[in-house]
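Engineer: Predicted model and sequence below, questions to follow.
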Amino acid sequence: MDATISAERFQGHALCAAAVPDFFELSDDDGHSSVASSQIPENLREAVRMAAANCPERAITISE
């Protein structure tokens with residue numbers, strides 16, 4: 001299972017990083033969220049799904 005963040009859709013709400021800080025990272029330069037590795041660890045999958053569902057801009061895509 002993989003996750004990506006669309007730079008075009010991302011608006012900087014950073015709810016994903018607040019919800020799952022062990023997976024989503026915030027840039028010190030511009031505050032944008034990113035993922036260190038697109039591969040979602042088994043123990044974080046449900047939390048990452050919830051973060052994607054709660055993203056106001058629908059910027060997170062998950063592929064099974």
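Structural biologist: Looks like it arrived, so ask away. Numbers count the residues shown, from 1 in each chain.
Engineer: Quick one: mean pLDDT for stretch 27-44?
Structural biologist: In this model, stretch 27-44 has a mean pLDDT of 89.
Engineer: what's the span of that stretch from first residue to last?
Structural biologist: Across stretch 27-44, the terminal residues are separated by 21 Å (CA to CA, to the nearest Å).
Engineer: Pull out the buried residues from it.
Structural biologist: Of the residues in stretch 27-44, His32, Ser33, Val35, Ile40, Leu44 count as buried by neighbour count, 16 or more other CB atoms under 10 Å. All C-beta atoms are positioned from the backbone trio N, CA, C, and that covers glycine.
Engineer: can you tell me which residues contact the last one?
Structural biologist: When you say that, I think you mean Leu44. Applying CB atoms under 8 Å, 6 or more residues apart in numbering to Leu44 gives the contacts Val20, Asp22, Phe23.
Engineer: Ok, the third one next?
Structural biologist: Contacts were defined as CB under 8 Å, 6+ apart; by that measure Val35 touches Ala3, Thr4, Ile5, Phe23, Phe24, Glu25.
Engineer: Mind doing that once more with 7 Å?
Structural biologist: Val35 is in contact with Ala3, Ile5, Phe23, Phe24, counting by CB atoms under 7 Å, 6 or more residues apart in numbering.
Engineer: Now for those residues: which two are most distant?
Structural biologist: Farthest pair in the contacts of Val35 (CB to CB) is Ile5 and Phe23. Separation: 10.9 Å.
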